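1. Kindly return the folded structure for what I paste below:
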Amino acid sequence: MSAVHDARATVGPAAVAAVAPIPRYSRVMSSPAPVESAAPPFTARLLAPRWWPTWAAIGLVRVLSWLPMKLQFALGAALGHVAMWALGARREIVRTNLRVCFPDMDPRKREALATAHFRALGRGLFETALAWFSSDARLNPRFEVEGREHLDAALATGQGLLLLTGHFSTLEIGARIVCSHQRLPFHAMYRPYSNALMDYFMHRWRERRSGLPALPREDLRKLVKALRDGRAIWYAPDQTLDPRMSVFAPFFGVPAPSLVATARLARMGRARVLPFFPQRTPSGWKVRFYPMLENFPGNDDVEDATRVNRALEEGILQALPEYFWIHKRFKRRLPGTPRIYPR
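-> Sure, this is the predicted structure:
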């Protein structure tokens with residue numbers, strides 16, 4: 001039995017929706033008014049020598065995206081394998097996360113899963129380049145969508161949508177499926193990059209892909225307005241940055257800091273929450289939509305956060321190697337609980 005199958009058996013079965021045919025999805029959410037771009041302007045200072053390495057890196061990534069996909073994925077997997085042994089501290093974080101989340105998994109299978117994770121991270125760099133630079137003609141034949149009826153049902157409500165997902169190495173390619181293949185524009189949340197040139201390009205790449213401007217995650221007013229206007233927002237609440245906006249809720253059975261913002265945004269924006277998750281397939285990639293969270297939010301922050309974590313777990317179990325196990329998910333602990341990571 002593979003490490004992925006072993007993890008599913010350990011944690012419990014994940015619901016599997018029926019696979020639908022893959023015609024292009026033409027329905028989109030309407031916007032009642034034009035949305036002003038939040039992208040920073042291009043200035044002459046971005047041509048200064050300090051940014052030349054970034055320009056070179058962007059050019060290299062674009063050239064690599066033209067390579068045959070099989071070659072790209074082989075290079076990415078090799079790069080990830082090298083990274084696993086070069087980044088010792090990150091390797092231990094991955095091993096620790098897998099041990100904590102899947103204590104009953106055979107240690108050899110956990111180690112195989114850790115190796116598969118780093119290979120997935122390396123491949124994800126090339127998949128990100130494909131998501132940014134490749135044409136629909138090249139990518140769409142490799143895209144699949146499952147659970148489209150759940151997206152239909154969410155759109156039929158006429159309410160704003162929080163597209164609930166997690167951080168996967170296929171994050172960018174999954175967003176490309178939602179936008180270019182399913183024709184659903186959405187706002188991405190963002191934090192500004194410290195590299196001004198990357199910040200400039202990331203805004204434009206994501207706006208071009210998503211069809212709507214990215215919104216700063218700290219700007220509650222803009223987020224709520226977008227939801228009340230009936231728009232969709234891509235939202236991944238599995239990396240907690242602000243302790244003031246989180247509670248401890250079980251994540252694979254272990255108390256973990258979990259954002260309460262999902263419930264609060266849904267309440268304030270009068271929005272529905274629609275889970276969706278990307279995963280790799282033998283021929284390309286797939287996005288799976290799940291049923292909307294019903295009677296959400298409730299009246300208890302911990303219960304709401306627990307429901308969100310369960311939705312995340314279900315998506316993660318479908319694509320275990322691609323989830324960001326490299327992140328310190330359990331860095332903050334309950335008072336009196338020993339820390340998990342060595343430092």
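
2. contacts and neighbour counts: CA atoms only from here.
-> Will do.

3. Go ahead and confirm P255 touches V302.
-> No: the pair P255 / V302 is not scored as a contact, 10.6 Å apart, by Cα atoms under 8 Å.

4. Common neighbours of these two, please.
-> Shared contacts of P255 and V302, defined by Cα atoms under 8 Å, 6 or more residues apart in numbering, comprise F248, A249.

5. and the end-to-end length of stretch 163-181?
-> Using Cα to Cα, to the nearest Å, the end-to-end distance of stretch 163-181 comes to 16 Å.

6. To clarify, my last question referred to stretch 83-91.
-> Criterion Cα to Cα; first-to-last residue distance in stretch 83-91 is 9 Å.

7. Let's test this: mean pLDDT of that stretch, rounded?
-> In this model, stretch 83-91 has a mean pLDDT of 95.

8. That stretch: how far from the chain's middle?
-> How far stretch 83-91 lies from its chain's middle: 22 Å, per Cα atoms, centre = their mean, to the nearest Å.

9. Can you tell me what sits against it?
-> Stretch 83-91 has contacts (Cα under 8 Å, 6+ apart) with A114, T115, F118, I326.

10. same thing but at 6 Å, please
-> If you take Cα atoms under 6 Å, 6 or more residues apart in numbering as the criterion, stretch 83-91 is touched by F118.

11. For stretch 107-117, C-alpha coordinates in CSV please.
-> This file holds the C-alpha atoms of stretch 107-117, laid out as CSV (Å, rounded to 0.1, in the frame of the first residue of the first chain):
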residue,chain,number,x,y,z
PRO,A,107,7.7,5.1,9.4
ARG,A,108,9.1,3.9,6.1
LYS,A,109,6.0,5.1,4.3
ARG,A,110,6.2,8.5,6.1
GLU,A,111,9.7,8.9,4.9
ALA,A,112,8.6,8.0,1.4
LEU,A,113,5.9,10.6,1.7
ALA,A,114,8.5,13.2,2.8
THR,A,115,10.6,12.4,-0.2
ALA,A,116,7.6,12.7,-2.5
HIS,A,117,6.7,16.0,-0.9
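
12. How far off centre is that stretch?
-> Centroid displacement of stretch 107-117 relative to its chain, using Cα atoms, centre = their mean, is 21 Å.

13. residue ranges of the strands in the stretch 151-300 of the chain, please?
-> Ranges of strands in the stretch 151-300 of the chain, per DSSP state E, counting those that start in this stretch, are 161-164, 187-190, 215-216, 232-235, 246-251, 254-259, 272-281, 284-289.

14. and of those strands, who's closest to E146?
-> strand 284-289 (4.6 Å; Cα to Cα).

15. So which elements touch the closest one?
-> If contacts are counted by 3 or more Cα pairs under 6 Å, 6 or more residues apart in numbering; DSSP states H and E, strand 284-289 sits against strand 143-146, strand 272-281.

16. Just say which of those strands is most tucked in.
-> Burial of the helices and strands packed on strand 284-289 is given as mean neighbour count (mean count of other Cα atoms under 10 Å); strand 272-281 ranks first at a mean of 25.

17. So what angle separates the directions of it and strand 284-289?
-> Here the directions of strand 272-281 and strand 284-289 differ by 160 degrees (axes from the mean of the first three to the mean of the last three Cα atoms, to 10 degrees).

18. hmm, who's touching strand 272-281?
-> The contact list for strand 272-281 (Cα under 6 Å, 6+ apart) reads 161-165, 174, 285-290, 292-293, 315, 319.

19. which of these count as buried?
-> 161-165, 174, 285-290, 292-293, 315, 319 (16 or more other Cα atoms under 10 Å).

20. how about those, which pair is most distant?
-> Spatially, the most separated pair among the buried ones among the contacts of strand 272-281 is W285 and L293, at 24.4 Å (Cα to Cα).

21. returning to what we had before: list just the nearest of the buried ones among the contacts of strand 272-281 to A137.
-> Of all those, the one with the least separation from A137 (Cα to Cα) is W285, at 14.7 Å.

22. Can you tell me who that closest one pairs with across the strands?
-> Going by DSSP bridges, W285 is paired in beta bridges with F143, R280.

23. one step back: save the strands of the stretch 151-300 of the chain as CSV, and put in distance to A77 and mean pLDDT too.
-> Below are the strands of the stretch 151-300 of the chain laid out as CSV (distance: least, Cα to Cα, whole Å; pLDDT from 0 to 100):
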stretch, distance to A77, mean pLDDT
strand 161-164, 28, 97
strand 187-190, 28, 85
strand 215-216, 33, 83
strand 232-235, 27, 94
strand 246-251, 28, 95
strand 254-259, 30, 95
strand 272-281, 14, 97
strand 284-289, 15, 97
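
24. so can I have JSON lines of the ones you listed showing distance to Q72?
-> Listed next are the strands of the stretch 151-300 of the chain as JSON lines, based on distance: least, Cα to Cα, whole Å:
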{"stretch": "strand 161-164", "distance to Q72": "29"}
{"stretch": "strand 187-190", "distance to Q72": "26"}
{"stretch": "strand 215-216", "distance to Q72": "31"}
{"stretch": "strand 232-235", "distance to Q72": "27"}
{"stretch": "strand 246-251", "distance to Q72": "34"}
{"stretch": "strand 254-259", "distance to Q72": "35"}
{"stretch": "strand 272-281", "distance to Q72": "15"}
{"stretch": "strand 284-289", "distance to Q72": "13"}
